[in-house]
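J.: When you get a sec, could you give me coordinates for this:
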Amino acid sequence: MSNVNLPSPILIERAIKDEGAVLANNGSINVLTGKRTGRSAKDKFIVHNSATADKVEWGAVNQPISQDAFDALYEQVSSYLDERDAFIFEGFAGTQPGHSMDFRIACELPSQAFFISQLLHVSSSIEEEPFQILVAPGFHVDPALHQTASDAAIMIDYKAKRALICGTRYSGEIKKSVFSIMNFALPDEGILPMHCSANMAHDGRTAIFFGLSGTGKTTLSADPSRLLIGDDEHGWADDGVFNFEAGCYAKCIGLDPEHEPDIYKAIRYGAMTENVVLSEDRQPMYADARYTENTRAAYPLYHIANIEPSGRGNVPSTVIFLTADAFGVLPPISKLTLDQAMYYFLSGYTSKVAGTEVGITEPTPTFSTCFGEPFLPLDPLVYARMLKEKVKGADAQVFLVNTGWNGHGKRMALAQTRAMVNAALSGELDDAAFMPDEIFGVLIPKSCPGCPDEILDPKSSWDDEDAYRAQALKLARMLDDNFKEKYPKASQDVRSAGPRI
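T.: The predicted structure is shown next:
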């Protein structure tokens, strides 16, 4: 039997037999990825050649590797996989005709072939020269010999349409390599690639949601009254948005059926989990983080009940930036101008706190360019300018939604956040009365359907206005410092759209 696009039951059977995957009592298979339970950012390289020399934004995120070093390693890994009769995935990313990309992905492990067959679109008729990715977790590179940082390597040669993933069993590296490849290619086609979720109302009104981990992107986009287009990676074309993927790759630490029923129900036969602890009777113990906090579940999109099967939606009318602000100073919802949209898109701000609900005492800001910094090979201004053009062309409304904490150290109530998001999606806030925030300049609605007026101004949740102002200025300076350091080439209009210090 050919190892190309093997059916899921056979790949599941082989994963259990060959690599010790375990069938959980909900029907999913669970694999352990060993010492690497997340992305290896310092082990990622891009081949420096004529296609990338003047195009890639080189630095700590996009590290160069020589053509000779890559070619030598590629041949070694290719021979390694040939000896092991690799499992081959053939298919494509991108549901928009004319803007999809074909891939041939050779996997050492059946579980990883199963993983990518759930995440991408399987096809028996790909182009003659697809982008080829070799995935060999058992092949450990030699840093001294191969010019790498460790015994793992994730390398992409955009010119020759080839990539390598070695020394890691974490399947997310495959997914994010595909995303990085799309992020390099699509801007030349006039497509804005985005690290976002997307959904659509039954009347066709489409929305996209940007947000880093912990901001509620998956929760808020999985709306029972709207159709889910996709939860992670999309392209914005002139005639609409489209999903790159055919599946979802969700964090499942602390997963419970009450708060995330769609994800919980989606993890069944046909799904794969990584590093989830199983009880003696093979019950997933999602609260147990003994292997990692980054437990994951991969499943096909059709495991979610309320989806848009085409994977496509109309041109967005609403763009949502989600942030979990632990300083307690950003409004629960605010409207952005075009230049403010570029500023906060480039900033990609959210924050974390130590512990579970410590509140605002020791907030730690996190900035991820365009809400997807590790996967952006080009100058971030390329993506930000495209976003501005797309938003302007669509006459879309852009909102910044704070799903974090208020001045009393309490997390924003999900029901109120949903009400604000629904008002933005329905167009009820398009013509509302707004007032500018005195420090951040964003526009705060004076009222919002389904929400008490007093929660809309962040100062209202503080007992001490001087303490509020001190924290707001602290965050404002952090945003300003980050922007000045990372984006000195941004236009004066965009730089001026930041906080007023």
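J.: May I ask you to name the longest strand in the chain?
T.: Longest strand in the chain, counting residues (DSSP state E): strand 192-200.
J.: helices or strands next to that strand in the packing?
T.: For strand 192-200, the elements it packs on are helix 172-185, strand 206-211, helix 217-221, strand 227-230, strand 233-237, strand 312-313, helix 380-394, judged by 3 or more C-beta pairs under 8 Å, 6 or more residues apart in numbering; DSSP states H and E. Heads up, the C-betas are built off the backbone N, CA and C, glycines and all.
J.: With just CA atoms, put the helix or strand hosting Asp18 into CSV.
T.: Using DSSP states H and E, Asp18 sits within helix 8-19. C-alpha atoms of helix 8-19 as CSV (Å, rounded to 0.1, in the frame of the first residue of the first chain):
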residue,chain,number,x,y,z
SER,A,8,-7.2,8.3,9.1
PRO,A,9,-8.1,4.8,10.7
ILE,A,10,-4.8,3.4,9.3
LEU,A,11,-2.7,6.3,10.5
ILE,A,12,-4.3,6.1,13.9
GLU,A,13,-3.7,2.3,14.1
ARG,A,14,0.0,2.8,13.0
ALA,A,15,0.5,5.6,15.6
ILE,A,16,-0.7,3.3,18.3
LYS,A,17,1.3,0.4,17.1
ASP,A,18,4.5,2.1,16.0
GLU,A,19,5.0,5.0,18.3
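J.: So what are the sheet partners of the helix or strand just after it and their directions?
T.: Note on helix 8-19: by DSSP H and E, the next helix or strand toward the C-terminus is strand 22-23. Under the criterion DSSP bridges, strand 22-23 sits next to strand 29-31 (antiparallel) in its sheet.
J.: contact partners of the partner strand?
T.: 12, 15-16, 19-24, 111, 114, 169, 271-276, 278, 284 (C-beta atoms under 8 Å, 6 or more residues apart in numbering).
J.: now it: how far from the chain's centre is it?
T.: 22 Å (C-alpha atoms, centre = their mean, to the nearest Å).
J.: what does stretch 153-162 give?
T.: For stretch 153-162, the distance to the chain centre is 21 Å (C-alpha atoms, centre = their mean).
J.: Show me which positions of it end up buried.
T.: For stretch 153-162, the neighbour count (16 or more other C-beta atoms under 10 Å) marks Ala153, Ile154, Met155, Ile156, Asp157, Tyr158, Ala160, Lys161, Arg162 as buried.
J.: bridging residues for Thr350?
T.: Applying DSSP bridges, one finds that Thr350 bridges with Thr366.
J.: typo on my end, it should be Ile105
T.: In beta-bridge terms (that is, DSSP bridges), Ile105 pairs with Phe89, Ile133.
J.: doesn't Ile116 make contact with it?
T.: Yes. Assessed by C-beta atoms under 8 Å, Ile105 is found in contact with Ile116 at 5.5 Å.
J.: Please enumerate the shared neighbours of the two.
T.: In contact with both Ile105 and Ile116: Phe89, Ile174, using C-beta under 8 Å, 6+ apart.
J.: quick one: which of those two has more around it?
T.: Ile105 (27 against 24; other C-beta atoms under 10 Å).
J.: hang on, the earlier thing: quick one: which of the buried residues of stretch 153-162 is nearest Pro458?
T.: Nearest to Pro458 among the buried residues of stretch 153-162 is Ile154, at 40.5 Å by C-beta to C-beta.
J.: Just the buried ones from the contacts of strand 29-31?
T.: Among those, those classed as buried by 16+ other C-beta under 10 Å are 12, 15-16, 19, 21, 23-24, 111, 114, 169, 271-276, 278, 284.
J.: How confident was the prediction at the nearest residue to Ala394 once chain neighbours are set aside?
T.: Residue nearest to Ala394 in three dimensions, not counting chain neighbours: Val315, with 4.5 Å by C-beta to C-beta, 6 or more residues apart in numbering. With respect to pLDDT, Val315 has a value of 97.
J.: in which helix or strand would I find Val315?
T.: Assigned by DSSP H and E, Val315 falls outside every helix and strand.
J.: quick one, phi psi at it?
T.: When read as degrees, to the nearest 10, the backbone of Val315 gives phi -60, psi 130.
J.: just checking, it touches Val241?
T.: Yes. Using C-beta under 8 Å, Val315 is in contact with Val241, at 7.3 Å.
J.: which residues do the two both contact?
T.: Common contacts of Val315 and Val241 (C-beta under 8 Å, 6+ apart): Thr206.
J.: Have a look at these two and say which one is more surrounded.
T.: More neighbours surround Val241 than the other of Val315 and Val241, with 28 against 17 (other C-beta under 10 Å).
J.: Identify the residues contacting the helix or strand encompassing the more buried one?
T.: According to DSSP H and E, Val241 maps onto strand 240-243. Outside of strand 240-243, the residues within contact range by C-beta under 8 Å, 6+ apart are 94-96, 99, 198, 206, 208, 229-230, 233-235, 301, 311-316.
J.: Next, count neighbours for the nearest residue to Gly27 once chain neighbours are set aside.
T.: Using C-beta to C-beta, 6+ apart and skipping the chain neighbours, the partner closest in space to Gly27 is Tyr269 (3.3 Å). Neighbour count of Tyr269, defined by other C-beta under 10 Å: 15.
J.: What of Val494?
T.: A count of nearby residues for Val494, using other C-beta under 10 Å, gives 22.
J.: quick one, phi/psi of it?
T.: Phi and psi for Val494, reported as degrees, to the nearest 10, are phi -70, psi -40.
J.: any idea how far it lies from Lys388?
T.: To Lys388, Val494 is 9 Å away according to C-beta to C-beta, to the nearest Å.
J.: shared neighbours of the two, anything?
T.: Asp339, Met342.
J.: Is the residue nearest to Lys44 when sequence neighbours are not counted within a helix or a strand, and which one?
T.: Once flanking residues are discounted, Lys44 sits nearest to Ile154: 4.5 Å by C-beta to C-beta, 6+ apart. Using DSSP H and E, Ile154 sits in strand 153-157.
J.: what angle do that strand and helix 172-185 make?
T.: Taking axes from the mean of the first three to the mean of the last three C-alpha atoms, to 10 degrees, one finds strand 153-157 and helix 172-185 inclined to each other by 20 degrees.
J.: quick revisit: help me confirm that the residue nearest to Lys44 comes into contact with Ser40.
T.: Yes. At 6.6 Å, Ile154 counts as touching Ser40 under the criterion of C-beta under 8 Å.
J.: Need the overlap of contacts for these two.
T.: By C-beta under 8 Å, 6+ apart, the residues touching both Ile154 and Ser40 are Thr168, Glu173.
J.: which stretches of the stretch 351-500 of the chain aren't confidently modelled?
T.: For the stretch 351-500 of the chain, applying pLDDT under 70 flags the ranges 353-363.
J.: if we go to 80?
T.: Low-confidence segments of the stretch 351-500 of the chain, defined by pLDDT under 80: 352-363.
J.: Can you show me the strands along it?
T.: Secondary structure of the stretch 351-500 of the chain, counting by DSSP state E, counting those that start in this stretch: strands at 364-367, 397-402, 434-436, 443-445.
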